[in-house]
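In: A structural model of the following input is requested.
(chains A and B)
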Amino acid sequence: MLKGAALGFAGLALPLDRANASFWEAFFQKHFREMNDAEIKKVISRLEKEYAEKYKKAITIGNEKPLPGVLYGYGLDLSRCIGCRRCVYGCVEENNQSLDPQIHWITVLRFKKGEKWVDLENAEKYYNPETVPQEDYFYMPVQCQQCENPPCVRACPTQATWKDPDGIVVIDYNWCIGCRYCMAACPYGARRFNWAAPTRPSEKINPNTHYLGNRPRYKGVVEKCTFCIQRTRHDPGRYPACVEACPVGARKFGNLLDPDSEMRYLIKHKRVFRLKEDLNTNPKFYYFFAYGN
Amino acid sequence: MIQIVRNFFIALRQIAVGDKKYYAWVGFLSFLIILGASAYIGQLNRGLIITAMRDQVSWGFYISNFTFLVGVAAAAVLLVIPAYLYNFKPIKEIVLFGELLAISAISMCILFIMVDMGQPLRVWHILPVIGAMNFPASLLAWDVVVLNGYLAINSVIAFYVLYRLSIGKEYKMSVIGPLIILSIPWAVSIHTVTAFLYNGLPARPFWNASILAPRFLASAFCSGPAIMLILFQIIRKLSEVEIENKAIFKIAELIAYAMGINLFLLGAEVFKEFYSGSIHSDPIKYLYFGLHGHNNLVPWTWFASILNITAFFLFLFPKTRENFTTLNMACAFVITGVYIEKGMGLVIPGFIPDTLGEIYEYTPTMQEILITIGIWATGALLYTFLLKLAVPVYTGKLRFFSKAQMVTAGDIMSRRIITVSPDTSADEIAKLLVSRHLSKAAVIDQNNTFVGTVSEADIISLEVGQGADRKIADIMSAPAAPVKEDVKIQELGKILADRKVSSLFVVNKDNQPIGAVSGNDVLRALENIRQE
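Out: Below you'll find the predicted structure:
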């Protein structure tokens, strides 16, 4: 009788079309950092097969490890940003965000000039003028600040999100339970939840992905900016998509451990600041002004 | 062991047996559960998009209910402290029902967490060893530990006490004493950890106040006992369980103090936020006055404040707290007030404005409300079932015997008796008999030894005849020999039949009355034995 009840329960919880080997493999998949290379390879080939079935095209999932001697840093020149949101859409295209419900990893905020300095309480997220930039406003894009002391990582009850040695805070979408405590903990509104199953037509899928980055996500898990881990974790790597998309060169990216990098130069020579310094999160995302106005 | 398991299943049968009202109640709850479950299936299929939660307000009604219920569960401790440690007799008898409430409340908490999860099948990831519990860094991991620990402690205590009672024995303090001692700091810990869950997030200035944990405890010690007061009145009305008014009024008094502290702490928080007036006070402005024209929570907040203050005065004055109309009003006010204040009133403003200054107003959707009602109904059904098991054990109607030949009067007797001294007036005894629905009282001397019996009939004949101020000594039917507790059941049956009496007092070896046994008790015991 107990066996019958158990079977009944399993039948209730698991739709029949998913009750196959792949479902159980996914169910019992181990924590990413507890798997050895062979196990990760097996998981990745299972996922590639699943994606191929779903999107009817080949999607590769990389597992590039952090490069030694690298700590990524990001710079954003507020004096240049024109609020065009090309970074937002470049990011969506590169990182396979859901179109419906719409998910953006970058939020561009608009502030009135001549009033309070970065006054988040009066920031406007949904500005929509004919043309940008507008005379009386300045703009500030916000995305994951890749904190050195990330409150989200501390909050996660299952260690589904962690900071890799190259400073990127990543999420294992197959381990996240969707409790959203990290979202409550993040001071930068950088984390996004898949409130519904993400949708993206297969022709718009970027097939070059990373396991911890832009591979297609699931309903009920959290995601966020990874500094385009699938591009940057190569040597030579590529710039994150948002850096490439920016038409005015407001976005800088580089290795904080390299004394000759552009990032090190601007931290030394420009007036830089980081968002909500008082919280001691120690972001690796620097805002600065290349020139006045 | 097999015996225990079999007895457990016999006890479970209790759940299936009841009167029409019982079936109607269970049917009603099942209906609500089915509604909630079907809404939840919708949520499983379509995702949490069917709720009103979004990235800006990423926790909502579910977590609000969770927070409130952790407080209800923690409040069981309020009864445990005086009951076990200070031996305050009237409360001691009802602690069991408080602990069963804690079990139900924690079960609801766990359900609320489950329905809030985006990937509920992955819940095992949170466990230590087989999962990857982020302990001790994550406060949510702490919450998993303390809540499940609390559920285990209360279950062990409650079921051990019930088990001992069901075999006709008193529970041994040497066995559960340490657990009871442990349960007190543990109860404080479940609510402290839940407060720290919010409190520890510098990203949310509204929650990031060190006064939060004390506030949580104070408000929990209002709402939890208030729920119990109402439940106790229902229990004593629907069953033979006796809960003295004295106990109810004592708990009401404790609520008054807790509410006083709660209002003080809240006032301290409100002062700090409004007087300092930094941008970090935007959430509390939103809560009390609205922000930039957004004011969904404002009427609720003021409604809760008025309820809490009114309830405080109703509990404070002995006149109103010892009047059942005003007492029950006060209980309802406190439950509603605290439910609003530390449910939606705590969770939502943490997200408004969000970390980048956006205001997204949250109102739960119909599906969220249905799922929430479903979980409350599940908790109510669980509590109903637990009571259905516990009440007959507690009153002595459900007893198990290991060997039929060995069953004695002490095993099957009811411990509900009235003892009076010989100089009690007939009037007083009459009142006692009426209030406790008993037909006779045992008369004892200074050494608690049995000297006689005084029955309804004795008093009636007295009232009809002469003055009611006559003393017991004059009318009691001494000696009306009681039976010893070790008298075997067969012999007991014979005594009852021979003497043609319906019930007899049972005395221990020192001749002190410890219970009463009726023909009905004997019949029920014989029937139970036959079943085995």
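In: now do the SS call for the residue of the stretch 151-293 of chain A found nearest chain B.
Out: Nearest residue of the stretch 151-293 of chain A to chain B, counting by C-beta to the nearest C-beta: residue A:178, 2.0 Å away. All C-beta atoms are positioned from the backbone trio N, CA, C, and that covers glycine. Three-state call for residue A:178 (DSSP: H, G, I helix; E, B strand; the rest coil): coil.
In: point to the residue nearest the middle of the chain.
Out: Going with chain A. residue A:225 (1.7 Å; C-alpha atoms, centre = their mean).
In: switch to chain B, that's the one I care about
Out: So for chain B, C-alpha atoms, centre = their mean, it's residue B:98, sitting 2.6 Å from the centre.
In: that one: what's it in contact with?
Out: With contact taken as C-beta atoms under 8 Å, 6 or more residues apart in numbering or on different chains, residue B:98 is in contact with B:75, B:76, B:79, B:80, B:228.
In: again, 10 Å this time
Out: By C-beta atoms under 10 Å, 6 or more residues apart in numbering or on different chains, the contact set of residue B:98 is B:75-80, B:83, B:91, B:154, B:158, B:224-225, B:227-228, B:231-232, B:251.
In: the residue nearest to the centre of chain A touches residue A:190, doesn't it?
Out: Yes: judged on C-beta atoms under 10 Å, residue A:225 makes contact with residue A:190 at a distance of 6.5 Å.
In: shared neighbours of the two, which are they?
Out: Common neighbours of residue A:225 and residue A:190 are listed as A:105, A:106, A:142, A:143, A:144, A:145, A:146, A:169, A:285 (criterion: C-beta under 10 Å, 6+ apart).
In: tell me the pLDDT at the fifth one?
Out: Meaning residue A:144. Per-residue confidence (pLDDT) for residue A:144: 98.
In: ok, it touching residue A:188?
Out: Yes: counting by C-beta under 10 Å, residue A:188 is a contact partner of residue A:144 at 7.0 Å.
In: mutual contacts of the two, please.
Out: With C-beta under 10 Å, 6+ apart, residue A:144 and residue A:188 have common neighbours A:152, A:224, A:283, A:285.
In: format those residues as a markdown table; extra columns: pLDDT.
Out: Converted to a markdown table, the shared contacts of residue A:144 and residue A:188 look like this (pLDDT from 0 to 100):
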| residue | pLDDT |
| --- | --- |
| A:152 | 98 |
| A:224 | 98 |
| A:283 | 98 |
| A:285 | 98 |
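In: what subset of those residues is also close to chain B?
Out: Applying C-beta under 10 Å from any C-beta of the partner chain to these, one finds that residue A:152 fall near chain B.
In: and the strands in the chain?
Out: Reading this off chain A. With DSSP state E as the criterion, chain A has strands at A:60-62, A:72-77, A:107-112, A:137-142, A:161-163, A:169-171, A:192-193, A:208-210, A:222-223, A:251-255, A:272-273, A:285-288.
In: I was thinking of chain B, sorry if that wasn't clear
Out: In order along the chain, chain B carries the following strands (DSSP E): B:419-420, B:440-444, B:450-455, B:483-484, B:503-507, B:513-518.
In: reformat the ones you listed as a markdown table; add distance to chain A and mean pLDDT.
Out: A markdown table is the format used below for the strands of chain B (distance: least, C-beta to the nearest C-beta, whole Å; pLDDT from 0 to 100):
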| stretch | distance to chain A | mean pLDDT |
| --- | --- | --- |
| strand B:419-420 | 49 | 86 |
| strand B:440-444 | 48 | 86 |
| strand B:450-455 | 51 | 85 |
| strand B:483-484 | 44 | 86 |
| strand B:503-507 | 42 | 87 |
| strand B:513-518 | 38 | 86 |
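In: can you redo these as TSV with mean neighbour count?
Out: Shown next, in TSV, are the strands of chain B (neighbours: other C-beta atoms under 10 Å in any protein chain shown):
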stretch	mean neighbour count
strand B:419-420	17
strand B:440-444	25
strand B:450-455	22
strand B:483-484	18
strand B:503-507	24
strand B:513-518	23
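In: and the strands of chain A as JSON lines, adding mean neighbour count?
Out: Output for these, formatted as JSON lines (neighbours: other C-beta under 10 Å):
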{"stretch": "strand A:60-62", "mean neighbour count": "18"}
{"stretch": "strand A:72-77", "mean neighbour count": "24"}
{"stretch": "strand A:107-112", "mean neighbour count": "20"}
{"stretch": "strand A:137-142", "mean neighbour count": "20"}
{"stretch": "strand A:161-163", "mean neighbour count": "19"}
{"stretch": "strand A:169-171", "mean neighbour count": "24"}
{"stretch": "strand A:192-193", "mean neighbour count": "25"}
{"stretch": "strand A:208-210", "mean neighbour count": "20"}
{"stretch": "strand A:222-223", "mean neighbour count": "26"}
{"stretch": "strand A:251-255", "mean neighbour count": "21"}
{"stretch": "strand A:272-273", "mean neighbour count": "14"}
{"stretch": "strand A:285-288", "mean neighbour count": "21"}
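In: so which of those strands gets nearest residue A:30?
Out: Nearest to residue A:30 among the strands of chain A is strand A:161-163 (14.7 Å), distances taken as C-beta to C-beta.
In: tell me the mean pLDDT for stretch B:150-167?
Out: 89.
In: on that earlier part again, output the strands of chain B in a markdown table, with distance to residue B:374 appended to each entry.
Out: Listed next are these as a markdown table, based on distance: least, C-beta to C-beta, whole Å:
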| stretch | distance to residue B:374 |
| --- | --- |
| strand B:419-420 | 48 |
| strand B:440-444 | 48 |
| strand B:450-455 | 51 |
| strand B:483-484 | 52 |
| strand B:503-507 | 46 |
| strand B:513-518 | 43 |
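In: the residue in the stretch 1-150 of chain A that chain B sits nearest to: neighbour count?
Out: Residue nearest to chain B within the stretch 1-150 of chain A: residue A:120 (3.9 Å; C-beta to the nearest C-beta). Residue A:120 has 21 neighbours, counted by other C-beta atoms under 10 Å in any protein chain shown.
In: same check, this time on the one 5 residues further on
Out: Counted by other C-beta under 10 Å, the residues lying close to residue A:125 total 15.
In: who are the contact partners of residue B:125?
Out: Here residue B:125 is in contact with A:29-31, A:157-160, A:172, A:174-177, B:119, B:131-134 (C-beta under 10 Å, 6+ apart).
In: ok, it to residue B:307 distance?
Out: 40 Å (C-beta to C-beta, to the nearest Å).
In: give me the below-cutoff pLDDT ranges for chain B.
Out: Along chain B, segments meeting pLDDT under 70 span B:1, B:84-86, B:92-93, B:401-405, B:463-474, B:477-480, B:528-532.
In: find the closest residue to chain A in it.
Out: residue B:118 (2.0 Å).
In: number of nearby residues for that residue?
Out: 20.
In: quick check, residue A:191 in contact with residue A:184.
Out: Yes: using C-beta under 10 Å, residue A:191 is in contact with residue A:184, at 9.4 Å.
In: overlap of the contact sets of the two?
Out: By C-beta under 10 Å, 6+ apart, the residues touching both residue A:191 and residue A:184 are A:152, B:58.
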